[in-house]
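Q: based on what follows, work out the 3D shape:
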Amino acid sequence: MCVCKKCTSMCGVLLLALGVVFLLRDVGIWDFWNIQGWTALFLLVGVAALGSSKCPDCQAMKGAVMSKKK
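A: The predicted structure follows:
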């Protein structure tokens, strides 16, 4: 999914932000979401897949990996 350095960094930032939000919810500081962690994780994976499918660097790296496998 996240192949290039830019997309890997963006996925890491999104995952960290999601983790901090759920940590604040678990501690009781910020109670605004009423969704499960799995739902948020699946949404994050979907956003990451959509982002890397539109990224030209990821597409170029996937093409290079696919040509090496043949």
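
Q: low-confidence ranges, the protein, go.
A: Within the chain, the stretches with pLDDT under 70 are 1-2, 32-33, 62-70.

Q: the same query, at a cut-off of 80, please.
A: Within the chain, the ranges that satisfy pLDDT under 80 run 1-3, 30-36, 61-70.

Q: going along the chain, name the helices of it.
A: Using DSSP state H, the helices of the chain run over 5-27, 37-54, 56-69.

Q: now the ones you listed as JSON lines including mean neighbour count?
A: In short, each C-beta sits where N, CA and C put it, glycine included. As requested, the helices of the chain are exported to JSON lines (neighbours: other Cβ atoms under 10 Å):
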{"stretch": "helix 5-27", "mean neighbour count": "13"}
{"stretch": "helix 37-54", "mean neighbour count": "13"}
{"stretch": "helix 56-69", "mean neighbour count": "11"}
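
Q: so what's Lys6 closest to, chain neighbours aside?
A: Excluding the flanking residues, the one nearest Lys6 by Cβ to Cβ, 6 or more residues apart in numbering is Asp57, at 6.3 Å.

Q: ok, now which ones touch the one you found?
A: By Cβ atoms under 8 Å, 6 or more residues apart in numbering, the contact list for Asp57 reads Val3, Cys4, Lys5, Lys6, Cys7.

Q: out of those, which is nearest to Thr39?
A: Distance to Thr39, by Cβ to Cβ, is smallest for Cys7 among the contacts of Asp57, at 22.3 Å.

Q: tell me who's in contact with that closest one.
A: Contacts of Cys7 (Cβ under 8 Å, 6+ apart): Ala48, Gly51, Ser52, Cys55, Asp57, Cys58.

Q: picking that back up, nearest to Gly19, of the contacts of Asp57?
A: Nearest to Gly19 among the contacts of Asp57, counting by Cβ to Cβ, is Cys7 at 18.4 Å.
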